[in-house]
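Asker: Let's see this in three dimensions:
(chains A and B)
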Amino acid sequence: MTHEPAAPRDRAQFPTSGAGFDRYEAVIGLEVHAEMLTASKIFCGCSATFGAPPNHNTCPVCLGMPGVLPVLNRRVVEFAVRAGLATQCRIAPRSRWARKNYFYPDLPKGYQISQYELPICEGGYVDIEVDGATKRVRLTRIHMEEDTGKNIHDAHGDASLVDFNRSGVPLLEIVSEPDMATPAEAGAYLRTLRTLVQYLGICDGNMEEGSFRCDANVSVRSRGATSLGVKAEVKNMNSFRAVEKAIAYEIARHVRTLEEGGTILQETRLWDADREETRSMRSKEYAHDYRYFPEPDLPPLLVSEEFVEAVRRTLPELPDARRARFVRDLGLPPYDAEVLTSRRDLADYFEEVVRAHANAKAASNWVMGEVLRLVKERKLDAALTITDWPVAAARLGELIALIDEGAISGKIAKTVFEEVVATSAAPRAIVAAKGLTQVSDEGPILAAIEQVLSANADKVVEYRGGKDKLFGFFVGQVMKATGGKANPPLVNRLLAEKLKN
Amino acid sequence: MTALLHELSIAEAAARLRRGELSAVELTRAALARIAATEPSFHSFITVTEEAALAAARDADTHLRTGTAPSGLTGIPVAVKDVIATAGVRTTAGSRILDGFVPPYDATVTARLKAAGAVIVGKANCDEFAMGSSNENSAYGPARNPWDLGRVPGGSSGGSATAVAAGQALASLGTDTGGSIRLPASYCGVVGLKPTYGRVSRYGVIAYASSLDQVGPVARDVSDCALVLSVIAGYDARDSTSVDRPVPDCAAGLTAGARGLRVAIPREYFVEGMQPEVEHAVRAAVDTLSGLGAAAREVSLPHTEYAVGAYYIIATAEASSNLARYDGIRYGLRTTVDGGLLDMYRHTRAAGFGAEVKRRIMLGTYALSSGYYDAYYLKAQKVRTLIRRDFERVFADTDVIVTPVAPTTAFRLGEKVADPLQMYLSDIFTISVNLAGLPAISLPCGFDASGMPIGLQIVGPPFGEEVVLRAARAYEEATDWQRRRPPEPALCPPQPTGSRA
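Answerer: Purely as a prediction, here's the structure:
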């Protein structure tokens, strides 16, 4: 199925400020579905990995054949507890499975096994940062459920096909309280949550592939009011930008509707990424009464304190704590700490560089600069965990050490870096083999200076006549004459002395 | 000799097989011949599996010859209710919506029968999705009571009971959700056991009401029942509601007699309007047990009158969800219509389900609906708890509870079809046992003036199969009801029976 991207059309422009807006405030809550990175599905032994040929990862259980029964994958519970602990939730010692009943071809049993009255995690919160301020977004609950299959339309004439590979892949549903007020806060919450689940190793956080999905509940009310306005649920956003845009669109639509004397309908709306607008799903097919009831095929889920504590011991240092430590113990600027802790693998890599050579700021500059440039160029960040870094952390540490020792200049270091990337050889070996060691003896540098000054006598006159800017030219010429190996501070000092005379 | 083979008990047949006086192939051929000759009268089977049976019999003979027979069931022809999945053999659940459905998997009980060397001769007739008390709800036409072809065999495991009563198989498997093993066993004068909920795996058993369904044996006498139970019982990792608890050697305890047994007679089980001969026979059975040294006393199970109401809420609620998977998308019937997805669902389910199944789906859907859940489903669950407590109180100082199986003997075909409520009342003495999850047996305790068998129900505490079988065996030994055989039907020349899968 291919679609021409729809050309941007004229559409009502929704400003986010101006007439009426200052009288309203938005109330936003998000429901996130995170596909868990377990090896097998939630209730059967089929592989839960993405990308197999259609209906390859299926068995009678995840196809909903008659008489088959679900058997819970323990790992799913472990992942849910991990998520709950990382967000300060209460972990229920006893929770229940429930059936959510509705008909759809991608739902093979006619019901989804989920949790309803007694979820595994309740309470908890996520702290987000927006414009330098910290805000706490409370979590209502986190529960486990099974994913559905996928309908494929339009590929085979008037027939629709169903791929059940995804059927039974474990999901975490993370429901926030309506604690956000702007699209930016919603975006920050989502990004924070994604980083968190990636740190925990329980979800790859890929919104485009649908392994990290978000529905938004949006309403507006008069600024300062305590009761909530009528909400719309918005679905079908497959990027962070789309979530922010869809929420902004909805807020504007609500404000304009109210300003024009209209009423907001409680409904589900779909985000259309091409038209950048939401549309009502006003179809009888979606007027659901899910008829939840306790799942009789699964006993209540009992989670012991020992289990919870065992899971707690496996928790990695979480992004907030790590960021704070980078600032506090390593003296990094907050911005560097933020970037470096945005991925667990990146933060791990950075710390390995620092372990090889203790210069955190230099390590940060190299990692955020040269290393991330190559990572992006090579699209290595598509993987949940980068393993094939362009430069081994130990090599990068050694390179920074060479600079700090004065053995090479920062400029030569760039050349050595490229050489390490190309050959994986050790920086010291490269410097030795190529004779790149920095020249810090005054003799050869003075010789080079003499040579440059005599070859550019006219410019020397100009400089002495007040054209200070030429100093940089002379430095460049001296560096060139020494093959870039001259110690730059020394060159500066000696050159300044010579020109003064 | 062949003419008598169908009258053997498992114990007798197994002894002859072991001694080499009889081969499994001979015994199986005799059963298949009996089926061919009598099916036009009884219609016990939806599918007869002649070839697979003979192949299994040949395997059994190999084992018997080499002394490697895995169990006392090796080489014994058995029937399996058609709600139980049999790999490669059509499994319809008595419904048109599963006509032609051939599961690629065995139910755990099927696999255990096969592993024990049993010879499955066919799939026994039953009410559609095990919903019914007369077998008249089978989409493949009702089985008929061997004692009077004008009467129903009881349901829903009608074919499982008639096959054993008519000598078409030496034993069978049925399922019991509200009395579906015990009622037909009673109506057909054979022995049927509903085990404790969780004693036997439900994996591969097409679900009617998941929290009530249980597989159990039907056989000619108590010892045979105990033998089949020992083969199918025990923990199964594929059924999370099966209980990990050792299965006692029921056969060993069978001969312990009734002396010292504390027997309770609940007064609520002798109601106005019940057939006087039934009450008389059951009270006489209690006297027999007393004569054998048991101590009988009257007790009260005060919430009995609410059992039928609670059952028809819980069972139908679960059924409405369990039967949602029959949507025509992946297997079974699909009617082709112009129109959308909803039309396909509607037409398929309208054409595929019978009237009683539709009635129960509607009842259950209603009971779970938003706004009615608390008043119906939740209330019914509370009643269920009260009923369970009634039994707990009695079993605190009681070994077994003795009651009639049903208020009357087998009624006439068509007699109650137009009056579902009358039909539902056939199960008033069996339903409480399912709600409480208890083990209970039905065995013959007399005949009425029309020559129809009367059934005695013996109920035990949870996982008390041993004491139930012991009491039943003691009674059986003291009487000869189980030795009576139904009259021979007017035999037709052998002809193909059922369709072969």
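Asker: Spell out which parts of the stretch 251-400 of chain B neighbour chain A.
Answerer: B:317-318, B:320-321, B:323-327, B:329-331, B:341-342, B:345, B:365, B:368-370, B:373, B:377 (Cβ under 8 Å from any Cβ of the partner chain). For glycine as for every other residue, the C-beta is placed from the backbone atoms N, C-alpha and C.
Asker: Low-confidence stretches in the stretch 401-501 of chain A?
Answerer: Scanning the stretch 401-501 of chain A for pLDDT under 70 picks out the ranges A:501.
Asker: Of all the residues in it, which one is nearest chain B?
Answerer: For the stretch 401-501 of chain A, the residue closest to chain B is A:S424, as judged by Cβ to the nearest Cβ, at 48.7 Å.
Asker: which SS state does A:H153 fall under?
Answerer: Assigned state for A:H153: strand (three-state reduction, DSSP: H, G, I helix; E, B strand; the rest coil).
Asker: So it versus B:G339, what's the distance?
Answerer: For A:H153, the distance to B:G339 equals 16 Å [Cβ to Cβ, to the nearest Å].
Asker: got it, and B:V164?
Answerer: 47 Å.
Asker: Settle it for me: which of these two has more neighbours?
Answerer: B:V164 (31 against 9; other Cβ atoms under 10 Å in any protein chain shown).
Asker: about what we covered before: out of the residues of the stretch 251-400 of chain B next to chain A, which are buried?
Answerer: B:317-318, B:320-321, B:323-327, B:329-331, B:345, B:365, B:368, B:373, B:377 (16 or more other Cβ atoms under 10 Å in any protein chain shown).
Asker: The stretch 301-450 of chain B: strands as residue ranges?
Answerer: When assigned using DSSP state E, counting those that start in this stretch, the strands of the stretch 301-450 of chain B occupy the ranges B:400-404, B:440-447.
Asker: Redo the ones you listed as TSV? Include mean pLDDT and mean neighbour count.
Answerer: Shown next, in TSV, are the strands of the stretch 301-450 of chain B (pLDDT from 0 to 100; neighbours: other Cβ atoms under 10 Å in any protein chain shown):
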stretch	mean pLDDT	mean neighbour count
strand B:400-404	98	26
strand B:440-447	98	28
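Asker: just checking, B:S321 touches B:R360?
Answerer: No: with contact defined as Cβ atoms under 8 Å, B:S321 does not count as touching B:R360 (11.6 Å).
Asker: low-confidence ranges in chain B?
Answerer: B:1-3, B:490-501.
Asker: ok, whatever residue of it ends up closest to chain A - contacts?
Answerer: Closest to chain A within chain B is B:A324: 2.4 Å, counting by Cβ to the nearest Cβ. Neighbour list for B:A324: A:N101, A:F103, A:K109, A:G110, A:Y111 [criterion: Cβ atoms under 8 Å, 6 or more residues apart in numbering or on different chains].
Asker: Which one of the residues you listed is nearest to chain B?
Answerer: Proximity of the contacts of B:A324 to chain B (Cβ to the nearest Cβ) peaks at A:G110, which lies at 2.4 Å.
Asker: residue closest to the middle of the chain?
Answerer: Just going to use chain A. Of all residues in chain A, the one closest to the mean position by Cα atoms, centre = their mean is A:T195, 5.1 Å from it.
Asker: oops, chain B please
Answerer: B:I181 (2.4 Å).
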